[in-house]
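> below is the structure, and that's it, no one-letter string:
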Ligand SMILES: CC(=O)N[C@H]1[C@@H](OP(=O)(O)O)O[C@H](CO)[C@@H](O)[C@@H]1O
């Protein structure tokens, strides 16, 4: 067993990356690196003795005997994660690390150690070495962004490589032959390669956006001290003194000096909340790493573990100082230098102007913000919206409406509880013959046994609701007639389901549904404060988990120039509801849900005042259909209703996925290499797809058949995912494309002369957004289950300040449903939910009410 205890802690300088946590961390030189899954990569290795801080350039070093290893670009070479946010960080890439100034070490598993924990079987066979970024010239050369510490071996030496592509949501791999490659001078970490059979620009362009891999068996042997970063993830963290297990490593990041371990603390430490802390990966703090038992022992300075604990404890500032002493200021300078280089290369140097003017605090604020931007994602977004991969957003197959969809019928729900005493019978004829009743029962069992979770998408800015609206949509109050916020309404529905599930749960068990609240830079602080002020609306504080999604810079409509709110602040916006997956994965929530035994997660948009939160019918329906993806739909009101339409896309024989095969094809669904003849040509593949109202062609939106809209299944943003599927979405090979949302973005004038942002009167810029439903295409269609629901019962969106889909229409719909209850049951208003017997609870839930 190798452990740190037996290693000599010399110097380090290692591959490193930074991916921040759900809370901010002050790092070197007083820079605040904010939240979520930003990532920086400094692809340099070097160990032994002096810290090597070669600036710029590309060095190749000797790996012998633990001597200096310069395998990639130098310290300045902060390379932003180019794999996109779906990865939990450094998973499955060919980066290595060793402990800082101290060397880091460990784990080189003989079975292909670059493999991160909890990956699909295919992931054990390949490691990523690069991303194919663009074509070069007319002879089929491709520019590859390196993701490996061994670029010469990977991109210059001829031999077999693999290309992973996603077409129509289907992941496939090509085995290709690399003929030659060369480094691009001055373009850091980029290589030009030539592949056999790809001799023209057109042929090569088929591979744009793909990932290049090698078989894991081919990973070069490493020094004992080195470790493939993915192997660190998932290790237990033990307090050396007490041997108490305090958490798990969920990611490894670089501060530019030392690597930082991001540790998700076990609930015993932080009492109730999900909390992550950064632990500098240095000998003083992490004296022991044991690869046999997959654990690290730590000796944290007093207060370090409380750094990100929201309440109480030592002053954050003080504790940060203790962390800072491990991270030399010059390193953050190096990081900033890399950011500058990156921005300049992107033609965005205007962003840097503020660094040379204004107060020190303003310059610092800009620096902090720049270091927090995930430039890899930003680049991906630019490519999607302005670049050659834009075609991915276009339709590549033929569309058809979905087949007939089952419907949830709540009429007669009183019969679901037949026992006059209000108890739910174990079985009931009525329940089994009635689909909805049966789903209800199945779903309630899932809730009762702790198998469900709920996510509310609440990271969006409420800009469409006007300037008087609260900063967070969930805080909007509806007069019902008493004022109630959307968050409160939703929390109360969740409580109702818990109460109902308690009736069927094992004696003494009080089911608790984890409620994950997706926030963003724009909404995180006010949302947390609102929950706190409202005592979590009667929920247990520990069941509410805040998950902060990433934001990206906004850009101008033409040319994609980054917009500035002032010379010292970049205009940023949350990355769309599709940012959920990256945030869940990177912040360890998938693991938490998995540990709890959760099987299904309902995901809905906060702006729906009638959403059935934690709907047992939906859970039961999904389970019965063995669905990985559940989608609630309603009939569209009119062709121009602002809703996405759910359809099926059929891959046709002349679309790009049926490309001529110049090489063997590996089908990742079963991992077998098949001959081209057996697959591809002529085969039809069908995938679910949602066309967003803002993007769908009008011919499609208005198409009618016998007077009826052809595409009428509206996506109401109430979906469901199996946990297994959410995990699949965390695969680094799966990247959601960015869409361009044309918005009015407050920003300073072009030459930045006004420090005060001005709101334009018409769209002046682009927010980059990933869409949650873009994950549907990765699912086999038979695993996608659509459920039609009643608009009056389940869909009252608040999108606009006035008119359709406004606060007023939503309020009226909620009241109408509640009144339907009163008139039906002849109960008076105050008796809406006058007791906690199951029947009244069920009635309350059915009519969109709550426990008063
Ligand atoms: C990316 C995304 O999820 N868009 C959803 C979402 O639209 P917004 O207008 O962005 O809120 O909610 C709509 C229902 O309220 C749904 O029809 C649409 O498809």
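Perfect, thanks for sending it. None of the values given here were measured: they were computed from a predicted structure.
> secondary structure class for residue 243?
coil (DSSP: H, G, I helix; E, B strand; the rest coil).
> can you report how many residues lie near it?
8 (other CB atoms under 10 Å). Using the backbone N, CA and C atoms, a C-beta is placed for each residue, glycine as well.
> likewise for residue 642?
Per other CB under 10 Å, the neighbour tally for residue 642 reads 13.
> now it: which helix or strand?
Assigned by DSSP states H and E, residue 642 belongs to neither a helix nor a strand.
> what sits closest to it if chain neighbours are left out?
Once flanking residues are discounted, residue 642 sits nearest to residue 693: 4.8 Å by CB to CB, 6 or more residues apart in numbering.
> the one you found should be in a helix, yeah?
No - if the criterion is three-state DSSP, then residue 693 is coil and not within a helix.
> could you check stretch 279-299 and say which residues are buried?
Across stretch 279-299, burial judged by 16 or more other CB atoms under 10 Å covers 279-283, 285-291, 294-298.
> quick check: residues of the chain near the ligand?
Within the chain, the positions lying close to the ligand (CB under 6 Å from any ligand atom) are 577, 605, 642-644, 690, 692, 714-717, 771-773, 797, 799.
> are any of the residues you listed buried, and if so which?
So, by 16+ other CB under 10 Å, the buried ones in the residues of the chain next to the ligand are 577, 605, 643-644, 690, 692, 714-717, 771-773, 797, 799.
> quick one, phi psi at the closest residue to the ligand within the chain?
Closest residue of the chain to the ligand, CB to the nearest ligand atom: residue 644 (2.7 Å). According to degrees, to the nearest 10, the main-chain angles of residue 644 amount to phi -70, psi 150.
> repeat for residue 793
Residue torsions, per degrees, to the nearest 10, at residue 793 are phi -100, psi -20.
> and for it, the neighbour number?
As a burial measure, residue 793 scores 19 neighbours (other CB under 10 Å).
> could you do the one 5 residues further on as well?
In terms of burial, residue 798 registers 25 neighbours under the definition other CB under 10 Å.
> contacts only, for it.
465, 473, 476, 486, 607, 608, 609, 805, 806, 807, 810 (CB atoms under 8 Å, 6 or more residues apart in numbering).
> may I ask which of those has the most neighbours?
Neighbour max across the contacts of residue 798 (other CB under 10 Å) = residue 473, 27 neighbours.
> what is the neighbour count of the residue nearest to residue 642?
16.
> next one: residue 792
Residue 792 has 14 neighbouring residues, counting by other CB under 10 Å.
> assign it to helix, strand or coil.
At residue 792 the chain is in helix, as set by three-state DSSP.
> residue contacts, it?
So residue 792 contacts 610, 813, 816, 817 (CB under 8 Å, 6+ apart).
> so the first one: helix, strand or coil?
In three-state terms, and counting by three-state DSSP, residue 610 is coil.
> quick one: contacts for the closest residue to it other than its chain neighbours?
Setting aside the residues directly before and after it, residue 610 is nearest to residue 796 in space (CB to CB, 6+ apart), at 4.1 Å. Residue 796 makes contacts with 608, 609, 610, 809, 810, 813, 814, as judged by CB under 8 Å, 6+ apart.
> in a markdown table: these, plus pLDDT.
Putting the contacts of residue 796 into a markdown table (pLDDT from 0 to 100) gives the following:
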| residue | pLDDT |
| --- | --- |
| 608 | 98 |
| 609 | 98 |
| 610 | 98 |
| 809 | 97 |
| 810 | 97 |
| 813 | 96 |
| 814 | 96 |
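> state the pair within the residues you listed that is farthest apart.
Spatial extent of the contacts of residue 796 (CB to CB) is set by the pair 608 and 809 at 12.0 Å.
> among the buried ones among the residues of the chain next to the ligand, which ones are in strands?
605, 644, 690, 714, 715, 716, 717 (DSSP state E).
> what's the neighbour count on residue 360?
The local packing of residue 360 (other CB under 10 Å) involves 8 other residues.
> meant to ask about residue 356
Using other CB under 10 Å: residue 356 sits among 8 other residues.
> what's the answer for residue 803, then?
Residues lying near residue 803 (other CB under 10 Å) number 9.
> just the local confidence number for it, please.
Looking at residue 803, its pLDDT reads 94.
> which residues touch it?
residue 809.
> helices along the stretch 501-650 of the chain, start to end?
Applying DSSP state H, counting those that start in this stretch to the stretch 501-650 of the chain gives helices spanning 524-533, 579-586, 589-596, 616-624.
> same list (the ones you listed) but as a markdown table, adding mean pLDDT and mean neighbour count.
Below are those laid out as a markdown table (pLDDT from 0 to 100; neighbours: other CB atoms under 10 Å):
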| stretch | mean pLDDT | mean neighbour count |
| --- | --- | --- |
| helix 524-533 | 94 | 17 |
| helix 579-586 | 90 | 27 |
| helix 589-596 | 93 | 19 |
| helix 616-624 | 98 | 25 |
